[in-house]
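*Asks:* predicted model, plus sequence, below.
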Amino acid sequence: MTTPIQPALDGTVPEQSARRQRAEDYETWLAQVWPKYIDAAATGRTFTCFEIADEHKLPEPPDSAHHWGRLMTLLKDEGYIRTAGWACSDRPTVNHSGVRTWKGTAAARRAAA
């Protein structure tokens, strides 16, 4: 499955390296991104979901509107992260809207040791 390329308003097409790939299916995507979020949780730092995705150039899930939130819920339910507050998103497409911030738990830091 290929994602259609949306040209910019001036008619130019973004370079391939500037676009993030989209995963074919949820399970494959989850296997790719899960370790990066576990590593982020183990640091104990506060982060947003997009910060980690952008930092590691992670692929987009098949359903971006729902799968990112599901990932964070799974990590929270597994005890790796907890809610830490709110921040303005750095994601270019959301106009600095409010997003939840996350912080790794003591259990996540122990698991990394």
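*Replies:* Everything's here; your move.
*Asks:* list the buried ones in stretch 27-42?
*Replies:* Neighbour counts over stretch 27-42 (16 or more other Cβ atoms under 10 Å) mark 29, 33, 37-38, 40-42 as buried. All C-beta atoms are positioned from the backbone trio N, CA, C, and that covers glycine.
*Asks:* swap that for stretch 104-111, sorry
*Replies:* Residues of stretch 104-111 classed as buried by neighbour count (16+ other Cβ under 10 Å): 104-105, 108.
*Asks:* do you know how far residue 10 is from residue 93?
*Replies:* Distance from residue 10 to residue 93, counting by Cβ to Cβ, to the nearest Å: 18 Å.
*Asks:* mind checking which of these two has more residues around it?
*Replies:* Taking other Cβ atoms under 10 Å, residue 10 and residue 93 do not tie; residue 93 has more neighbours (8 against 5).
*Asks:* gap between that one and residue 101?
*Replies:* From residue 93 to residue 101 the distance is 19 Å (Cβ to Cβ).
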